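Peer 1: could you look at this predicted model? Sequence included:
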Amino acid sequence: MDIRCGLIIILVILLLAILNMIRSGKMSMRYAFLWIILTAILLIAAIAPGFLDTLAGWLGFEVTSNMIFVVAIFLLLMISISLTRIVSEQSLSITLLTQEVSLLKKELDDIRENPGIRTAQENPKGKENRNDPEGVAYDQSREGTI
C-alpha cells in the first residue's frame with residue numbers, strides 16, 4: 001500500500017467521523033463546514049495529484065508546495081476567525097446567563113425573606129391591583145386591608 005492509498009483511507013475515515021459527530025449532535029454543521037471542505041480538498045488532491053500541479057499553474061505559483069502552504073495558511077486563518085467569532089458569541093451568552101442567574105437569585109432571596117411578597121413575574125407591570133397600582137410587587141398579608 002502506497003502513501004496515497006493510506007492518505008485516502010485516513011481522509012475518508014476523518015470525513016466519516018465528522019459526519020458522525022454532526023449526526024450525533026456533538027458538532028454543529030456550521031462549525032464542521034470548514035473541516036468538511038478541507039477534507040474534501042485533501043481527498044481530491046490525494047485522488048488526482050496532477051490536479052494540484054495544474055491548479056498551481058493556473059494561479060501563478062511556480063512550485064505546487066508554495067500553493068499548498070498559502071492555501072493551508074488561508075484555511076487556518078479562516079478557522080481562527082471562525083473560532084474567535086464563536087468564542088465571542090459564547091462569552092456574550094455567558095455574561096447574559098450570569099446576569100440572569102444573579103437576578104433570579106436575588107428574586108429567590110427576596111421570596112425567602114418575605115414569603116408573602118409576589119414577584120414581578122407573578123404580578124407583571126400593567127396589571128394593577130389595589131395594593132400596588134404600579135404593578136411591581138405587593139404584600140399578600142395586607143390584602144383586604146385599606
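Peer 2: Structure received.
Peer 1: who are the packing partners of the lowest-mean-pLDDT helix or strand in the chain?
Peer 2: Least confident helix or strand of the chain, by mean pLDDT, DSSP states H and E, is helix 29-47 with a mean of 85. Packing partners of helix 29-47 (3 or more Cβ pairs under 8 Å, 6 or more residues apart in numbering; DSSP states H and E): helix 3-24, helix 49-59, helix 64-113. The C-beta positions use only the backbone N, C-alpha and C, and glycine is treated the same way.
Peer 1: export the ones you listed as TSV, with columns for mean pLDDT, mean neighbour count and distance to L38.
Peer 2: Listed next are the helices and strands packed on helix 29-47 as TSV, based on pLDDT from 0 to 100; neighbours: other Cβ atoms under 10 Å; distance: least, Cβ to Cβ, whole Å:
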stretch	mean pLDDT	mean neighbour count	distance to L38
helix 3-24	92	13	9
helix 49-59	89	13	14
helix 64-113	91	11	6
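Peer 1: which one, of those helices, ends up nearest to I36?
Peer 2: For those, the distance to I36 is smallest for helix 3-24, at 6.0 Å, taking Cβ to Cβ.
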